[in-house]
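Asker: Quick one, structure for this:
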Amino acid sequence: MVAMNIMLILGHPRSESFCHAIAETADATLRANSHAVRFHDLYAEGFDPLMAAEELVTRVSDNPLVEQHCAELSQADGLIIVHPNWWGQPPAILKGWMDRVIRPGVAYDYVVGSGGTRTLVGLLRMPAAVIFNTADSPREQTQFGNTLDTLWRHHILGQFGVTHIEQIVFNGMRSSTAEVRAGWLGEVRNVVSRYFPAG
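Answerer: Numbering: from 1, shown residues only. I've put the predicted structure just below:
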């Protein structure tokens, strides 16, 4: 496999979090496999999740960082997203990233057919995306369902052209031991290399 451009998005405010360890492991694995990585720690970058009213009616943003993310996403051969499960949802900064970056002209567009009907067409060219989530309680999935998988697989990536989507959840974070977490990071390396192997 030839070298790929992979976009890696991290959404967690604490630098010592396990989400950071996941993202750093994914980054190191991708680089060891000779891929180009666009690694964005949204909190460290100060990504502004607030969309202004004017941005809703245009396909461009006056925010250079938003435009950079849009350009990188449109050219990405793969995507890795790392974030915790907070109340069955991503952190607010990542929701704002979705609103501002996964937008018409970048991730999708509409084709107007006869009679004025509009059909959504995905523009993402990547064959695969991987989402790593952390959670404190298995009850979040067993009782309420895997809302994050539904979000990323069906509402976002699946309809925008990504054919292979895998979500990995590391559950029981607060009670996990160092040994368990080391095993989880080994799984991160394996999953990343499976989807984005060395050339």
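Asker: got the CA coordinates for stretch 86-96 in PDB?
Answerer: Taking Å, rounded to 0.1, in the frame of the first residue of the first chain, the C-alpha atoms of stretch 86-96 are listed here in PDB:
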ATOM      1  CA  TRP A  86     -20.000  12.400  27.400                       C
ATOM      2  CA  TRP A  87     -23.800  11.900  28.000                       C
ATOM      3  CA  GLY A  88     -23.900   9.700  24.900                       C
ATOM      4  CA  GLN A  89     -22.300  12.400  22.800                       C
ATOM      5  CA  PRO A  90     -18.900  13.900  21.800                       C
ATOM      6  CA  PRO A  91     -17.600  16.900  23.700                       C
ATOM      7  CA  ALA A  92     -19.000  20.200  22.500                       C
ATOM      8  CA  ILE A  93     -15.800  21.200  20.800                       C
ATOM      9  CA  LEU A  94     -16.000  18.200  18.500                       C
ATOM     10  CA  LYS A  95     -19.700  18.800  17.700                       C
ATOM     11  CA  GLY A  96     -18.700  22.300  16.700                       C
END
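Asker: Run through who's touching that stretch.
Answerer: Stretch 86-96 is contacted from outside by 9, 11-13, 42-43, 47-51, 81, 83-84, 98, 140, 144, 147-148, 151, using Cβ atoms under 8 Å, 6 or more residues apart in numbering. Heads up, the C-betas are built off the backbone N, CA and C, glycines and all.
Asker: Tell me the gap between the helix or strand hosting residue 96 and the middle of its chain.
Answerer: Per DSSP states H and E, residue 96 falls inside helix 92-101. Its chain's C-alpha centre and that of helix 92-101 lie 10 Å apart, by Cα atoms, centre = their mean, to the nearest Å.
Asker: where do the helices sit along this structure?
Answerer: Using DSSP state H, the helices of the chain run over 18-32, 42-45, 64-75, 92-101, 139-142, 147-150, 178-195.
Asker: angle of the first one against helix 178-195?
Answerer: Here the directions of helix 18-32 and helix 178-195 differ by 40 degrees (axes from the mean of the first three to the mean of the last three Cα atoms, to 10 degrees).
Asker: Point out the other helices and strands that helix 18-32 packs with.
Answerer: strand 5-10, strand 36-41, strand 78-84, strand 128-135, helix 178-195 (3 or more Cβ pairs under 8 Å, 6 or more residues apart in numbering; DSSP states H and E).
Asker: Over to the second one?
Answerer: Where contact means 3+ Cβ pairs under 8 Å, 6+ apart, helix 42-45 is packed against strand 5-10, helix 92-101.
Asker: Reformat the ones you listed as a markdown table; add mean pLDDT, distance to residue 72 and mean neighbour count.
Answerer: As requested, those are exported to a markdown table (pLDDT from 0 to 100; distance: least, Cβ to Cβ, whole Å; neighbours: other Cβ atoms under 10 Å):
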| stretch | mean pLDDT | distance to residue 72 | mean neighbour count |
| --- | --- | --- | --- |
| strand 5-10 | 98 | 5 | 23 |
| helix 92-101 | 97 | 9 | 19 |
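Asker: and the residue nearest to the spatial centre of the chain, what pLDDT?
Answerer: In the chain, the centroid-proximal residue (Cα atoms, centre = their mean) is residue 81; its distance is 2.8 Å. Here, the pLDDT recorded for residue 81 equals 98.
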